[in-house]
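Colleague: Take this sequence and fold it.
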Amino acid sequence: MTRKQKRILYRILISALLFAVAELLPVTGWLRLIVFLVPYLLIGWDVILKALRNIAHGQVFDENFLMMLATVGAIGTGQYPEAVIVMLFNRIGELFESYAVGKSRKSIAALMDIRPDYANLEQNGELQKVQPDKVAIGGTIVVKPGERVPLDGVVLEGSSTLDTAALTGESVPRSVTAGDDVISGCINGSGLLRIRVTHVFAESTVSKILQLVENASSKKAASEQFITKFSRYYTPCVVLAAVLLAVIPPLVTGGNWVSWLHRALIFLVVSCPCALVISVPLSFFGGIGGASRQGILVKGGNYLEALASADIVVFDKTGTLTRGVFNVTVIHPDQISRNQLLEYAAYAECYSDHPIAKSIREAYGIVIDRSRIQSVEEISGYGIHALIDGKEVYAGNDKLMEKQGISWHPCHHVGTTVHLAINGVYAGHLVISDEIKPDAADAIRQLRGLGISKTVMLTGDAKEIGIQTANQLGMDEVYTQLLPADKVDRMEELLRDKQPNRKLLFVGDGINDAPVLTRADLGIAMGAMGTDAAIEAADVVLMDDQPTKIAVAIRIARRTTRIVRQNIVFALAVKAIVLILAAIGVSNMWEAVFADVGVSVIAILNAMRALTYQGQEA
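Modeller: Have a look, this model is predicted:
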């Protein structure tokens with residue numbers, strides 16, 4: 001507990017003791033009033049003060065006003081013990097609420113405790129501890145074992161493992177070595193790392209994540225907005241109803257004012273909307289925290305609610321369902337050896353930065369002797385024309401072979417085919433393929449198990465590659481050879497066809513798919529560690545490369561909205577029953593206290609379940 005919470009607890013205990021003493025003392029009249037006023041004022045003076053301050057500022061109808069009106073009314077009718085009991089139990093409920101909210105916030109704060117305290121800046125061969133926001137792009141920092149990586153960068157020297165659990169929810173450390181990108185917020189394992197900074201602190205991954213979490217509560221779900229509006233009109237209405245209940249029946253029946261005033265006071269205690277006003281936002285807050293624990297960052301309760309209504313899930317292919325890392329998977333030589341074919345292909349592609357060219361050079365694995373290359377010319381849309389060891393080499397697609405009048409043959413393997421011809425003679429071909437992520441097929445199965453009606457893949461790849469990938473994953477539909485504008489058009493068609501009140505999700509890498517991410521009902525960025533565009537464009541950010549996290553996010557969202565509905569129905573049902581009983585004189589102040597404090601405590605306990613995720617619950 002905080003110091004403030006402990007002080008309230010002590011006040012509750014002392015007030016309860018004084019109340020027990022007052023009940024036992026054999027006093028009457030003014031003396032009886034005084035002995036009950038002592039515990040009443042000890043526990044309720046700040047509630048009364050808040051109510052009066054709010055009235056002075058024009059904010060009349062809130063829970064403080066209701067408590068003050070009900071308890072002062074009880075004192076006015078001589079029901080001193082009831083006044084103390086109502087205020088006492090109200091403060092117990094508030095203490096419980098404060099503790100529950102604090103626990104939820106601490107859970108998220110502990111989870112997202114990724115803000116670095118300092119950076120070891122290397123200057124003139126010496127290390128200086130500085131604030132992370134004082135380090136410029138291009139600066140060199142040193143991260144010692146056990147320290148948190150303070151800024152995004154590239155490893156210059158050293159090798160180690162990074163604990164990314166706070167970002168991804170994954171317990172398996174990530175190995176890094178010279179040349180690898182690292183992101184802020186991770187904890188360095190056993191090795192010393194020298195890192196060149198690539199982003200200033202304000203633009204770093206850790207800074208953007210912290211901003212996202214801090215702003216999540218400002219984007220309210222429809223349920224939260226409904227409760228806010230509901231309580232705005234609900235409280236004045238019940239106060240008016242209580243006044244009418246206290247005045248009209250005795251006027252009609254000609255007396256018994258005290259009895260009807262007592263019923264009206266019970267009516268006021270019951271009507272306090274704390275259970276709804278507290279538990280609904282707390283449920284969404286807990287759901288966002290529970291998702292964060294799994295490495296899923298949700299930008300607000302409204303997006304969590306949209307996730308729960310998911311019906312169609314549309315995927316980008318490269319970097320989302322596949323690794324986005326190209327590898328040479330097939331080498332088919334013709335009249336030369338495999339090694340010679342790969343060697344000529346690597347030399348021809350040695351100046352290209354295209355991922356396919358990089359994959360060929362990586363497959364070759366030997367340092368390129370550029371003195372062997374006399375000239376290189378890129379033929380846009382076709383491939384490469386190079387002069388290597390005095391031999392004329394063409395490397396490219398089938399159109400290039402046809403353009404040069406070289407007889408070639410297709411490959412039965414699916415992927416991007418690079419044909420080679422040497423001195424006008426066909427030398428063979430290589431096939432470069434993008435690997436499907438290990439859990440991609442399982443992700444589609446899980447989505448189908450959650451009742452998702454359709455899974456769709458949109459890709460700019462060739463038809464054969466797209467269809468093969470979709471079939472391997474068991475997807476319902478696939479659209480290939482799409483430009484970014486074509487993806488938006490397909491998205492519009494899918495949006496028109498979806499069921500009313502259901503949501504379409506688009507899952508992409510967040511870099512090239514920003515137009516589609518923003519057009520979908522909900523945009524999810526995959527594998528977005530360190531990607532500014534992903535965090536900006538998407539509504540939900542998955543901090544690792546696992547497509548199965550989409551199903552996890554949907555389960556958490558559905559569980560959270562189910563808890564919200566439970567709390568709303570339970571609170572309104574109990575209050576409605578006790579309000580009716582109060583109006584006809586059947587219920588007493590104890591039932592009123594349960595309908596207020598008891599319902600609030602139960603709703604808060606239920607709301608806190610949203611903070612935890614136990615696995616396969618839908």
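Colleague: how much space between residue 323 and residue 147?
Modeller: Noted for residue 323: a distance of 30 Å to residue 147, by C-beta to C-beta, to the nearest Å. Using the backbone N, CA and C atoms, a C-beta is placed for each residue, glycine as well.
Colleague: Can you give me the buried ones in the helix ranked longest in the chain?
Modeller: When the chain is parsed with DSSP state H, its longest helix is helix 549-583. Using 16 or more other C-beta atoms under 10 Å as the test for burial, helix 549-583 gives 549-564, 566-568, 570-572, 574-575, 578-579, 581-583.
Colleague: Show me what counts as buried in stretch 242-257.
Modeller: Quick answer for stretch 242-257 (16+ other C-beta under 10 Å): 242, 245, 246, 249, 250.
Colleague: Would you verify that the last one is located in a helix?
Modeller: Spelled out, that is residue 250. Yes: according to DSSP: H, G, I helix; E, B strand; the rest coil, residue 250 belongs to a helix.
Colleague: wait, it sits on residue 260?
Modeller: Yes: between residue 250 and residue 260 there is a contact under C-beta atoms under 8 Å: 4.9 Å.
Colleague: ranges for the helices of the stretch 101-250 of the chain?
Modeller: 165-168, 205-215, 222-253 (DSSP state H, counting those that start in this stretch).
Colleague: ok, the buried residues of stretch 242-257 vs residue 420, which is closest?
Modeller: In terms of C-beta to C-beta, no member of the buried residues of stretch 242-257 lies closer to residue 420 than residue 242, at 88.3 Å.
Colleague: ok, the closest one - contacts?
Modeller: The contact partners of residue 242, taken as C-beta atoms under 8 Å, 6 or more residues apart in numbering, are 264, 265, 267, 268, 271.
Colleague: how far away is it from residue 271?
Modeller: Plainly put, residue 242 is 7 Å away from residue 271 if you go by C-beta to C-beta.
Colleague: Residue 343: how many residues sit nearby?
Modeller: 17 (other C-beta atoms under 10 Å).
Colleague: I'd assumed residue 364 was in contact with it.
Modeller: Yes: in this structure, residue 343 is within contact of residue 364 by C-beta under 8 Å, at 6.3 Å.
Colleague: quick revisit: average model confidence for the longest helix of the chain?
Modeller: Regarding helix 549-583, the rounded mean pLDDT is 88.
Colleague: One more: stretch 311-325?
Modeller: 85.
Colleague: Could you give the separation of that stretch from the chain centroid?
Modeller: 19 Å (C-alpha atoms, centre = their mean, to the nearest Å).
Colleague: Buried residues, that stretch. List them.
Modeller: 311-324.
Colleague: got the CA positions of it in CSV?
Modeller: Output in CSV follows, covering the C-alpha atoms of stretch 311-325 (Å, rounded to 0.1, in the frame of the first residue of the first chain):
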residue,chain,number,x,y,z
ASP,A,311,-14.3,-11.4,-38.4
ILE,A,312,-11.9,-11.1,-41.4
VAL,A,313,-8.1,-11.1,-41.1
VAL,A,314,-6.1,-9.9,-44.1
PHE,A,315,-2.3,-10.5,-44.2
ASP,A,316,0.6,-9.0,-46.1
LYS,A,317,2.9,-11.8,-47.1
THR,A,318,6.6,-10.7,-46.9
GLY,A,319,7.8,-10.0,-43.4
THR,A,320,4.4,-11.0,-41.9
LEU,A,321,3.7,-14.6,-42.9
THR,A,322,7.2,-15.1,-44.2
ARG,A,323,10.5,-14.1,-42.7
GLY,A,324,11.3,-11.5,-45.3
VAL,A,325,14.7,-13.1,-45.6
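Colleague: For residue 440, give me its contacts.
Modeller: 321, 322, 473, 547.
Colleague: from these, which ones fall inside helices?
Modeller: residue 473.
Colleague: Could you measure from residue 204 over to residue 183?
Modeller: Counting by C-beta to C-beta, the gap from residue 204 to residue 183 is 8 Å.
Colleague: Overlap of the contact sets of these two?
Modeller: Shared contacts of residue 204 and residue 183, counting by C-beta under 8 Å, 6+ apart, come down to residue 152.
Colleague: so where is the stretch 101-250 of the chain shaky, pLDDT-wise?
Modeller: 101-115, 165-172, 208-228, 230-232 (pLDDT under 70).
Colleague: As a check, name the ranges of all strands in it.
Modeller: 119-123, 126-130, 140-143, 153-157, 160-163, 174-176, 181-182, 187-188, 193-197 (DSSP state E, counting those that start in this stretch).
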